[in-house]
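[1] Return atomic coordinates for the entry below.
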Amino acid sequence: MRKEFLSYNPPTIGEAERAGVMETLCTPWVTTGPKTVAFEGELKTYLGAPAVVALNSCTAGLHVGLVALGVGPGDEVIVPAMTFCATANVVEHVGARPILVDVCPDTLTMDPEAVRAAITPRTKVLLPVHYGGHPAHLDELDALAAQHGLFLLEDAAHAISTRYKGRLIGSRANLAAFSFYATKNLTTVEGGCLTGEQSLVDKSRIIGHHGMNRDAWKRFDRSGSWYYEVVLPGFKYNMTDMQAAIGLAQLKRLGSFQARRREVVARYEAGFKDLTALELPVELPWAHSSWHLYVIRLRLEQLRIDRNTFIDELKSRNIGTSVHYLPVHMHPYYRDKYGYRAEDLPVAADAYSRMLSLPLHAALTDEDVDDVIQAVRELILSNLA
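    Below you'll find the predicted structure:
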């Protein structure tokens, strides 16, 4: 058994990130300024995005995206049940109703057929999540959006470097929100961005910065002007240069981070492939996952142990895990407000009861991965029904 606890997913921060922060501290700009602009430019180039605005979270990106699309009271937004609560919360923030739908059994991304059945005259936006880094079924969702005159806003919190049929998520004209939270494949500690066509991103930038028509650093720079106007009641969602300095360093390392993640995934798959009591995550032939998560599902009918006990046993062996996620319709707020029962969205509910996320990050050593494999194998083989 391991002697030290293996954290589930700590950030991979190195000397380049620390140097970038120290350099920024020695400049006149620590909040939104030239490094944020540079980070936006580098992201735009990397993703092939039409335009990018850096923000303080993916939640901010989703929120300003909905506002930019004109979503409000009386509207409905279709959201997958298997996601972090923020995906649905932002719909509530704008006064619309999140319509929760089930997910595909293999990828746990939004089921296009469930979406088709949920569309009403009040539907305004489809909000798919690229769960765990695996892309959602965008062709099918695009077709539904076109047929019904709907907007598509992608929750790409897990999807930096994800490709759908060869094309990077974030390179399309529709809006897509990314997360750079501490556990993500690329981190700015807290942070995110929104990509999409120029006009929508320009509008989102204003919405995310108090509704002001001029950024502070442009006003206070020697060549700038103090004058600004508020053109709408916006929010304070701007990214800082401190965050962007970390992001610039992380973006240069993203290729190596992703290569290591895929090595870890290959090692897990080789270590678990003979265990029929485990359902392993998939990567469909048309997909290139970012592998933000490695989610296994226990086939409980083959085991004498439940999911929660399995997690506790791994923890006792110094292996950290997590669960992604309690489905949105099972949270008390959404359950009680809209009258959902767990069985209303059975794929999500069943997956939740059996799932756990294993450690997956770029700093894992082969020995770390082998320790995880050994612990999981021992628990499975000693608890077969």
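[2] pLDDT averaged over stretch 3-22, what's the number?
    Per-residue pLDDT values over stretch 3-22 give a mean of 95.
[3] what do you get for stretch 133-146?
    Computed over stretch 133-146, the mean pLDDT rounds to 98.
[4] mind checking how far it is from the chain centre?
    Centroid separation between stretch 133-146 and its chain, computed with C-alpha atoms, centre = their mean, to the nearest Å, is 16 Å.
[5] For that stretch, buried residues please.
    Residues Gly133, His134, Pro135, Ala136, His137, Leu138, Glu140, Leu141, Asp142, Leu144, Ala145 are the ones in stretch 133-146 that count as buried (16 or more other C-beta atoms under 10 Å). Any C-beta I mention is one placed from the backbone N, CA and C, and that applies to glycine too.
[6] any idea which of these is closest to Ala348?
    Ala136 (14.3 Å; C-beta to C-beta).
[7] before we move on, what SS does that closest one have?
    When classified by DSSP: H, G, I helix; E, B strand; the rest coil, Ala136 comes out as coil.
[8] Now do the residue nearest the centre of the chain against Thr107, distance only.
    With distances taken as C-alpha atoms, centre = their mean, Ala157 lies nearest the centre of the chain, 1.9 Å away. According to C-beta to C-beta, to the nearest Å, Ala157 stands 16 Å off from Thr107.
[9] Check Glu279 too.
    Plainly put, Glu279 is 12 Å away from Thr107 if you go by C-beta to C-beta.
[10] ok, now Ile305?
    Per C-beta to C-beta, Ile305 is found 26 Å from Thr107.
[11] Neighbour count for those two, which is higher?
    The neighbour comparison of Ile305 against Thr107 (other C-beta atoms under 10 Å) goes to Thr107, with 22 against 18.
[12] Give me the nearest residue to that one, chain neighbours excluded.
    Distance criterion C-beta to C-beta, 6 or more residues apart in numbering; nearest residue to Thr107, sequence neighbours excluded, is His134 at 4.9 Å.
[13] Now for that neighbour: which residues touch it?
    Thr107, Leu108, Thr109, Thr162, Pro281, Val282, Glu283, Leu284, Ala287, Ser289 (C-beta atoms under 8 Å, 6 or more residues apart in numbering).
[14] Looks like the last one contacts Tyr131 (just checking).
    To tie it back to what came earlier, the one meant is Ser289. No - taking contacts as C-beta atoms under 8 Å, Ser289 lies outside contact range of Tyr131: 9.7 Å.
[15] still on that earlier bit, are any of the contacts of His134 buried, and which?
    By neighbour count, with 16+ other C-beta under 10 Å, those hold Thr107, Leu108, Thr109, Thr162, Pro281, Glu283, Ala287, Ser289 as buried.
[16] My guess is Gln258 contacts His292. True?
    No - assessed by C-beta under 8 Å, Gln258 is found out of contact with His292, at 10.2 Å.
[17] So for those two, which sits in the more crowded spot?
    His292 (27 against 21).
[18] any idea how far the more buried one lies from Pro105?
    20 Å.
[19] What is the nearest of the contacts of His134 to Pro50?
    Thr162 (17.6 Å).
[20] Now do the contacts for that closest one.
    Residues in contact with Thr162 (C-beta under 8 Å, 6+ apart) are His130, Gly133, His134, Pro135, Ala156, Leu168, Ile169, Ala287, His288, Ser289, Ser290.
[21] for the fourth one, what are its contacts?
    Counting by C-beta under 8 Å, 6+ apart, Pro135 makes contact with Thr109, Ala159, Thr162, Arg163, Tyr164, Ile169, Ala287, His288, Ser289.
[22] Name the nearest of those relative to Ala176.
    Ile169 (6.1 Å).
[23] Burial check on that closest one, number of neighbours?
    A total of 26 residues lie near Ile169 under the criterion other C-beta under 10 Å.
[24] Phi and psi next, for it.
    phi -60, psi 130 (degrees, to the nearest 10).
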